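[1] my questions are about this predicted structure, shown below with the sequence.
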Amino acid sequence: MSETGQTMLRHQIASAFAYDKPEKLGVAVSGGGDSMALLRLLAEWAASERVTLHPVTVDHGLRPEAAAEARFVAEACEALKLKHTTLTWTGWCGQGNVQDAARRARYGLMTEWAKARGIDTIALAHTADDQAETFFMRLARASGIDGLTGMQRRRTADGVTWVRPLLMQEREELRDYLRSLKQVWIDDPSNEDETYDRVKARKAMAALEPLGLDMHVVGRVMDHLAQVRSALDFATHDHALDCITVEGGDLILDRRAFLEGSPEVNRRLVAHALRWIASADYGPRGVKLQEFLSAISRGRDATLHGVRLLGGDKTLRLTREHSAVAQVVGTVDQVWDGRWCVQAAENKQLIVRALGDDGLAQLGERSDQCPPRESLKSSPALFDGDILVSAPVANHGEGRAELIFPTGHFYTSLLSH
């Protein structure tokens, strides 16, 4: 690769962190060409910027070569005087979508690893090729705007910011860069296995190039769609301020104001509300979501995605479904159901679980200010065995329950998903 090409790659790295340079930076390295190029570029940049670089590799244990590939990365990092970490996943049960399970595990392991080391930013080596392949895969699934905008250059999830500095670079450009450094890499044989959708998409792209439909054209289309998505996000955020009030862990919906929204904005708003209440990565789609929206428009009760809709003529309440949390048991000061932190006034070995019918029976008479029964049933409560000690949402006992999210999170998260 020419010096000009290398300078452009370095500029991509520098620009990715121009306005938010971390003190510690994680980088996911598999040993493949893309991630090895990112490792070498970041090692040079971090040294010049006095940033501590932390390379990490996830061994999914799904291929016999994986352990050797992790060792290869560790040796490459040692040569660069970088401390490398290998994370091992042992959670595959042999059922379901292995790629999706591995992806979730990979991000989960890296998130835990980063938090334990005070790392709040991790760089990923996705390229323009990956972005275009993702577009075709999602197009085949008839994805909407959100899916077709592809991977974001920067996003924050669970306290970690994921950055993709090379999302505008071609895969072959990165391999040219590695050749100029005489840096070897490992080619994953699964990249040629046509049983995987990503490989099929790659080959389909090659067939479409004579039409002028290459990764750069796809990238421009995705950028245009991203602008549309951003406009929809802001419209949904403003609509949420007009028609939804946050009450504890519930959402109170003004039915008349809600129905003044456009169908697409309302769909996005409700899908987000369901994810927020259920602490879910993904929301429901298709017919089930449309049926739920219909129930809102008619003011009827409904249940979807672990969320109960309590109907009404003027206002409706979205609350956690009790059956979704009935078996969720935690301890004091830990996060319960992905969003509550419960504290006890006394230092007892208490358990945290949903209040339930048995807790309601022990609660006695409730004030008019309490949430409705269905909402209270799924709220966190403190128990000593079967004895109710505190039901914070009902103002019973001396325990406290607080959402782990900052004030206004429901609204701001509409713009940062």
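    Done, it's in. Numbering: from 1, shown residues only.

[2] and stretch 410-417, average pLDDT?
    The average of the pLDDT scores along stretch 410-417 is 86.

[3] what are the buried residues along the worst-scoring helix or strand of the chain on mean pLDDT?
    The element with the least model confidence among the helices and strands of the chain, by mean pLDDT, DSSP states H and E, is helix 197-208, at a mean of 83. Neighbour-count burial for helix 197-208, counted by 16 or more other Cβ atoms under 10 Å, picks out D197, R198, K200, A201, R202, M205. C-beta: built from backbone N, CA, C; applies to glycine.

[4] next SSE after that helix?
    Scanning forward in sequence from helix 197-208 by DSSP states H and E, the next helix or strand is helix 215-243.

[5] coming back round to it: need the buried residues of helix 197-208 in CSV with distance to T52, can you?
    As requested, the buried residues of helix 197-208 are exported to CSV (distance: Cβ to Cβ, whole Å):
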residue, distance to T52
D197, 37
R198, 33
K200, 40
A201, 37
R202, 35
M205, 38
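
[6] identify the farthest-apart pair in those.
    Spanning the widest gap among the buried residues of helix 197-208 are D197 and M205, at 12.5 Å by Cβ to Cβ.

[7] what ranges do the helices span in the stretch 51-200 of the chain?
    In the stretch 51-200 of the chain, the helices defined using DSSP state H, counting those that start in this stretch lie at 66-79, 98-116, 128-140, 145-148, 171-181, 197-208.

[8] of those, which is nearest R268?
    Distances from R268 to each of those were compared by Cβ to Cβ, and the smallest falls on helix 145-148, at 8.3 Å.

[9] what is that closest one packed up against?
    Other helices and strands packing on helix 145-148, by 3 or more Cβ pairs under 8 Å, 6 or more residues apart in numbering; DSSP states H and E, are helix 128-140, helix 215-243.

[10] return the member of the helices of the stretch 51-200 of the chain having the minimum mean pLDDT.
    Set side by side, the helices of the stretch 51-200 of the chain show their lowest mean pLDDT on helix 197-208, which sits at a mean of 83.

[11] ok, V228 touching L148?
    No - taking contacts as Cβ atoms under 8 Å, V228 lies outside contact range of L148: 9.6 Å.

[12] these two - which one has more neighbours?
    For V228 and L148, the more surrounded residue by other Cβ atoms under 10 Å is L148, and the numbers stand at 20 against 12.

[13] dump the residue contacts of that one.
    Listed by Cβ atoms under 8 Å, 6 or more residues apart in numbering, the contact partners of L148 are F135, R138, L139, M222, L225.

[14] gap between the nearest residue to the second one once chain neighbours are set aside and A394?
    Spatial nearest neighbour of R138, chain neighbours left out: G147 (4.1 Å); criterion: Cβ to Cβ, 6 or more residues apart in numbering. Relative to A394, G147 is positioned 41 Å away (Cβ to Cβ, to the nearest Å).

[15] what's the burial count for T134?
    For T134, the count of nearby residues is 22 (other Cβ under 10 Å).

[16] so where's the stretch 301-417 of the chain shaky on pLDDT?
    Regions of the stretch 301-417 of the chain meeting the criterion pLDDT under 70 cover residues 347, 417.

[17] how about the strands in it?
    Secondary structure of the stretch 301-417 of the chain by DSSP state E, counting those that start in this stretch: the strands cover 302-304, 307-310, 315-320, 330-331, 335-336, 340-343, 351-354, 380-384, 387-390, 400-403.

[18] next, the angle helix 215-243 makes with the third one.
    Our comparison of strand 315-320 with helix 215-243, counting by axes from the mean of the first three to the mean of the last three Cα atoms, to 10 degrees, yields an angle of 120 degrees.

[19] helices and strands around strand 315-320, which ones?
    Contact analysis of strand 315-320 by 3+ Cβ pairs under 8 Å, 6+ apart lists strand 250-254, helix 263-278, strand 307-310, helix 373-377 as its packing neighbours.

[20] same deal with the second one?
    Under the contact criterion of 3+ Cβ pairs under 8 Å, 6+ apart, strand 307-310 touches helix 263-278, helix 286-298, strand 302-304, strand 315-320, helix 373-377.

[21] off-centre distance for the first one?
    Centroid displacement of helix 263-278 relative to its chain, using Cα atoms, centre = their mean, to the nearest Å, is 16 Å.
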